[in-house]
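S.K.: Quick one, structure for this:
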Amino acid sequence: QVQLVESGGGLVQAGGSLRLSCAASGRTLSSYVMGWFRQAPGKVREVVATIAWNGRNTYYAASVKGRFTISRDNAKNTVYLQMNSLEPEDTAVYYCAAGSRYSIISTAYDYWGQGTQVTVSS
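M.R.: Numbers count the residues shown, from 1 in each chain. A predicted model of the protein is given here:
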């Protein structure tokens, strides 16, 4: 069993930056593929970025590519999402997730955090 806790969300102006963290407990994160997903009000949950076990393979949604960076520190059992040049359209609850298969599909992930709110004002 893996417990995931996100932090780092908040209110920021358009063009600003935030760094989300996802801390794991229960098991080591090095065994898992990690993903960041987000869900805006009235919309379906969508993938933001994913990262493989070794950190070398990553995926970014087209809407965030070039602005967001996913990384992981297996020694600290933590995954990060650096978000730059934030836009109002990035406003959502952001979730981190852990899974055993490399996928951009949310149903492939077994463990989820409770989410952290990111609000970008124009």
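S.K.: Mind telling me what element Phe37 is part of?
M.R.: Using DSSP states H and E, Phe37 sits within strand 33-39.
S.K.: likewise Glu6?
M.R.: strand 3-7.
S.K.: tell me the angle of that strand relative to strand 33-39?
M.R.: Angle of strand 3-7 versus strand 33-39, following axes from the mean of the first three to the mean of the last three C-alpha atoms, to 10 degrees, is 50 degrees.
S.K.: ok, and what's touching the one helix or strand Leu20 maps to?
M.R.: Assigned by DSSP H and E, Leu20 falls within strand 18-25. Identification of contacts with strand 18-25 by C-beta atoms under 8 Å, 6 or more residues apart in numbering yields 2-10, 12, 34, 36, 76-83, 86, 94, 96, 98, 113, 116, 118. Bear in mind the C-beta positions are built from the backbone N, C-alpha and C, glycine included.
S.K.: Parallel or antiparallel, which strands does the strand holding Glu6 pair with?
M.R.: Sheet pairing of strand 3-7 (DSSP bridges) gives strand 18-25 (antiparallel).
S.K.: Centre of the chain to the strand it pairs with, how far?
M.R.: 8 Å (C-alpha atoms, centre = their mean, to the nearest Å).
S.K.: Send me that strand as CSV with only the CA atoms.
M.R.: Extracted C-alpha coordinates of strand 18-25, given in CSV (Å, rounded to 0.1, in the frame of the first residue of the first chain):
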residue,chain,number,x,y,z
LEU,A,18,4.4,26.8,-8.5
ARG,A,19,6.2,23.6,-7.5
LEU,A,20,4.0,20.7,-6.5
SER,A,21,5.4,17.9,-4.4
CYS,A,22,4.1,14.4,-3.8
ALA,A,23,5.5,12.6,-0.8
ALA,A,24,5.0,8.9,-0.5
SER,A,25,4.9,6.6,2.5
